[in-house]
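# no sequence on this one, just coordinates:
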């Protein structure tokens, strides 16, 4: 039946106009008939959010034009004090599976949980034909990113990854300048962050540390088994949750996973990148529990669409590239930044270098349209509009690249990779010269969990 509903016809209008043909059908409010799969632009989406204590809370605040009908979090400590009261009409859950089973009016789901549960929650929603917004990085493993992109395509749902910077105008103007040839063909890019460092305040989350030995009691408001989800079981410890899960192999994706989908996105768009052919990495001491405190990851990309091969180097933990001679007095390599190196010049963050090139250059008239906002792109796509800027078709390969860098940092491979490149074949989905690395493309889920 859903195939005959026009995208320009609201669900209520459809049912009203069809009453004569379908005797006995009761005209229902639009918010209880999401199963038809088409939502008119004027209708409101019924949205559920899984993970509401951090970025989920921010995402919700940006979609207040819609109906927030369900809130789900494994930890009700912050949820009950800061979020539940903001949406008194929303039903409350701890288990997303119970939520999806019980509440049939949900049109779309926001997933803002820890990295290791992004994929299983997103996939469950996609299989039920729900539109999905998932925080970055899209997934915890490379395989999960490939699987989610495929599932979204097959189920024809609207998707978006939460790298909100892609919706800003700055990256659009950058693309226009690079495509205009201001610095010539780009053959080298450097991008860096100080994460997980926090300057004088210490670190955002622990990395390069062993697992905690203590086993404090689980807070009564927290369902620890649900937090663990598909990961191997660990005793509860506040070093893992809340937020500090980012630095642990089993739960997070480290500094590269945290920031990479933000800062690599403009580079991928400007240089039309997709999959790297090889990855190299060096780091501070790394163990099997947590990510290294600082690392450098180098990706090689092939020639594409008239652009030459390019080397992309990532730095985290306070590491950064050396200063370049074109830097002007007072200019610094900040805590985070991006440097494009072309045949005719460089771009450091938003500055064209050298100064003489910047002064002589006139940017083209802006032609890449502005975004209505990151969440609003997704809302528009859910209602039949254009695909969101970071839908899973785009976000999948970007996330894969980010997570391939983490594989090159694995302790088990470090000695081998000190003497050879980690080459990746995206078509065969393997490391052809190092098959023992293939196991890190995915992880074995805990019993009772599947994708």
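Nice, I can see it. Quantities reported herein were computed from a predicted structural model and do not represent experimental measurements. Numbers count the residues shown, from 1 in each chain.
# show me where this structure has helices.
Remark: helices assigned in the chain by DSSP state H are 11-17, 55-61, 76-78, 96-102, 118-127, 142-155, 169-179, 224-228, 254-263, 265-271, 355-360, 374-382, 392-407, 411-417.
# Pull out the buried residues from the third one.
Within helix 76-78, the residues that qualify as buried are 76, 78, counting by 16 or more other C-beta atoms under 10 Å. C-beta coordinates here come from the backbone N, C-alpha and C atoms, glycine included.
# which other residues reach it?
With contact meaning C-beta atoms under 8 Å, 6 or more residues apart in numbering, helix 76-78 is reached by 53, 92, 94, 219, 221, 222, 242.
# Pick out the most distant pair among these.
Across the contacts of helix 76-78, the longest distance by C-beta to C-beta is 18.1 Å; it joins 92 and 242.
# about what we covered before: selection in PyMOL covering whichever of the contacts of helix 76-78 are buried, please.
Here the buried members of the contacts of helix 76-78 are turned into a PyMOL selection, burial being counted by 16+ other C-beta under 10 Å:
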select buried, resi 53+92+94+222
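# Point out where the stretch 251-400 of the chain drops to low pLDDT.
Along the stretch 251-400 of the chain, no part satisfies pLDDT under 70.
# quick one: which of the contacts of helix 76-78 sit in strands?
Residues of those located in strands (DSSP state E): residue 92.
# Lowest-confidence entry in the contacts of helix 76-78?
Of all those, residue 53 carries the smallest pLDDT score, 85.
# count of residues packed around residue 447?
8 (other C-beta atoms under 10 Å).
# Would you map out the domains in the protein?
2-164, 167-370+393-441 (automatic domain parsing).
# for these, which one sits closest to residue 382?
Going by C-beta to C-beta, the one of the domains of the chain nearest residue 382 is domain 2-164, 4.4 Å.
# can you tell me which of the domains of the chain comes nearest to residue 385?
The nearest among the domains of the chain, by C-beta to C-beta, is domain 2-164 at 7.3 Å.
# Run the chain-centre distance for that closest one.
Distance of domain 2-164 from its chain centroid, counting by C-alpha atoms, centre = their mean, to the nearest Å, is 17 Å.
# Show me the shaky parts of the stretch 1-150 of the chain.
1-41.
# Kindly reformat the helices of the chain as a markdown table and extend each row with distance to residue 277.
A markdown table is the format used below for those (distance: least, C-beta to C-beta, whole Å):
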| stretch | distance to residue 277 |
| --- | --- |
| helix 11-17 | 48 |
| helix 55-61 | 33 |
| helix 76-78 | 43 |
| helix 96-102 | 37 |
| helix 118-127 | 25 |
| helix 142-155 | 15 |
| helix 169-179 | 21 |
| helix 224-228 | 36 |
| helix 254-263 | 18 |
| helix 265-271 | 14 |
| helix 355-360 | 31 |
| helix 374-382 | 31 |
| helix 392-407 | 11 |
| helix 411-417 | 15 |
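# Of all those, which one comes closest to residue 198?
That would be helix 254-263 among the helices of the chain, by C-beta to C-beta, at 11.5 Å.
# Could you dump the domains of the chain into TSV and include distance to residue 447?
Compiled in TSV, those are given as follows (distance: least, C-beta to C-beta, whole Å):
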stretch	distance to residue 447
domain 2-164	14
domain 167-370+393-441	10
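# circling back: out of the helices of the chain, nearest to residue 320?
helix 254-263 (12.5 Å).
# one step back: between the contacts of helix 76-78, which sits nearest residue 366?
For the contacts of helix 76-78, the nearest to residue 366 is residue 53 (38.0 Å; C-beta to C-beta).
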